[in-house]
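Student: what follows is a predicted structure for the sequence shown.
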Amino acid sequence: MAGPSLSGLTEQQAKEFHEQFKVTYTAFVGLAALAHLFVIAANPWF
Amino acid sequence: MSKPSNPADDWKIWLVLNPATWLMPLFYALLVLAIAVHFVVFSVGLGWQ
């Protein structure tokens, strides 16, 4: 059943890309959390 | 097809979506969502006046 994937990526490529995707996404979430902390400090919404 | 177990199988999304095609559309969708959330937050008066 294992032919070429729908995206054309191999398993190794998909795993390799996902590692970088997780790093970038973690940085994004970290920055967003930091921004939210600044907003809470400046102007709490609760 | 057996049910995936996440996050261990998260990487398989890239066997369906080719990031060379879909990474930028994903980022633009995220940008649109962020703008929409900011628009709502400001319109309900929680932005800086």
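Tutor: Here it is on my side, so go on. It should be emphasised that the depicted structure is a prediction, and the values quoted were computed from it without experimental measurement. Numbering: from 1, shown residues only, chains lettered A, B, ... in the order given.
Student: just the helices in chain B please.
Tutor: B:19-43 (DSSP state H).
Student: skipping adjacent residues, who's closest to A:N43 in space?
Tutor: Distance criterion C-beta to C-beta, 6 or more residues apart in numbering or on different chains; nearest residue to A:N43, sequence neighbours excluded, is B:W48 at 6.6 Å. For glycine as for every other residue, the C-beta is placed from the backbone atoms N, C-alpha and C.
Student: so which helix or strand takes in the residue most central in space within chain A?
Tutor: Centroid-nearest residue in chain A, with C-alpha atoms, centre = their mean: A:Y25, separated by 2.1 Å. Using DSSP states H and E, the element containing A:Y25 is helix A:11-42.
Student: in that helix, what's buried?
Tutor: A:Q13, A:A14, A:F17, A:H18, A:F21 (16 or more other C-beta atoms under 10 Å in any protein chain shown).
Student: so which of those residues reach chain B?
Tutor: A:Q13, A:A14, A:F17, A:H18, A:F21 (C-beta under 8 Å from any C-beta of the partner chain).
Student: for A:A41, see how far away A:S5 is.
Tutor: 46 Å (C-beta to C-beta, to the nearest Å).
Student: ok, now B:M24?
Tutor: 34 Å.
Student: check A:Y25 too.
Tutor: In terms of C-beta to C-beta, A:Y25 sits 25 Å off from A:A41.
Student: need the residues of chain A near chain B, please.
Tutor: Counting by C-beta under 8 Å from any C-beta, chain A sits next to chain B at A:5-9, A:11, A:13-15, A:17-18, A:21, A:43, A:45.
Student: any chance of those residues in CSV, plus pLDDT?
Tutor: Shown next, in CSV, are the residues of chain A next to chain B (pLDDT from 0 to 100):
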residue, pLDDT
A:S5, 95
A:L6, 97
A:S7, 97
A:G8, 97
A:L9, 98
A:E11, 97
A:Q13, 97
A:A14, 98
A:K15, 98
A:F17, 98
A:H18, 98
A:F21, 98
A:N43, 88
A:W45, 86
